[in-house]
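Novice: Provided below are the primary sequence and the corresponding predicted coordinates.
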Amino acid sequence: MKYIREFNLGYDTSYIFTVPLNEGSIENKSTVETKLAADPAIVSYSINGLYDPMSYGNSTGDIDWPNRPKDYALIVGRATIDKNFIPLMGMKFVEGGNIKGTPADSSSYIINETLAKQ
């Protein structure tokens, strides 16, 4: 149990909680963000498509790259995030940087060290 409690997940879990938003909230994202930003009890927030960072509900196994070994299966979890997510979770970059919150981000990917090594 000590190992499970103290294992470094790569992000800060203190004072973080998730709230699922219904479709109406997502359609009015700017209103939701305005209300969250105005609340003095909320230090930071992120509106994203990741309810549980440990969930692989939105994943893919069809990633290909040069010299990938034949019959090599790799499951990669995927999440849509905003520019606030990485700083909110206290994640650090080894290389590269965060998304900027622009439409160009829709074609950007942030990967972890394990995937980079693959």
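Specialist: Nice, thanks for sending it over.
Novice: the helices in this structure, which residues?
Specialist: Counting by DSSP state H, the chain has helices at residues 2-6, 23-27, 29-38, 85-89, 113-117.
Novice: residue 105 is nearest to which of those?
Specialist: helix 85-89 (11.4 Å; Cβ to Cβ). Glycine gets a C-beta too; all of them are placed from N, C-alpha and C.
Novice: make JSON lines out of the helices of the chain and add distance to residue 106.
Specialist: Output for the helices of the chain, formatted as JSON lines (distance: least, Cβ to Cβ, whole Å):
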{"stretch": "helix 2-6", "distance to residue 106": "36"}
{"stretch": "helix 23-27", "distance to residue 106": "16"}
{"stretch": "helix 29-38", "distance to residue 106": "15"}
{"stretch": "helix 85-89", "distance to residue 106": "15"}
{"stretch": "helix 113-117", "distance to residue 106": "19"}
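Novice: ok, now how distant is the residue located most distally from the centre of the chain from residue 118?
Specialist: Distance from the centre of the chain peaks at residue 70, with 29.3 Å (Cα atoms, centre = their mean). Per Cβ to Cβ, to the nearest Å, residue 70 is found 15 Å from residue 118.
Novice: one more: residue 46?
Specialist: Residue 46 is 27 Å from residue 118, by Cβ to Cβ.
Novice: which one's more surrounded, those two?
Specialist: Counted by other Cβ atoms under 10 Å, residue 46 and residue 118 do not tie: residue 46 has more neighbours, with 18 against 13.
Novice: was I right to think that one contacts residue 80?
Specialist: No: the pair residue 46 / residue 80 is not scored as a contact, 10.8 Å apart, by Cβ atoms under 8 Å.
Novice: residues of stretch 101-111 that come out buried?
Specialist: 105, 110 (16 or more other Cβ atoms under 10 Å).
Novice: can I get it as CSV, trimmed to CA atoms?
Specialist: In CSV, the C-alpha atoms belonging to stretch 101-111 read as follows (Å, rounded to 0.1, in the frame of the first residue of the first chain):
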residue,chain,number,x,y,z
GLY,A,101,-4.4,27.5,-27.0
THR,A,102,-4.6,28.3,-30.7
PRO,A,103,-6.5,26.5,-33.5
ALA,A,104,-3.1,25.2,-34.7
ASP,A,105,-2.9,23.1,-31.6
SER,A,106,-5.5,20.7,-33.0
SER,A,107,-2.6,19.1,-35.0
SER,A,108,-0.1,19.1,-32.1
TYR,A,109,0.8,16.2,-29.9
ILE,A,110,2.5,16.0,-26.5
ILE,A,111,4.0,12.6,-25.8
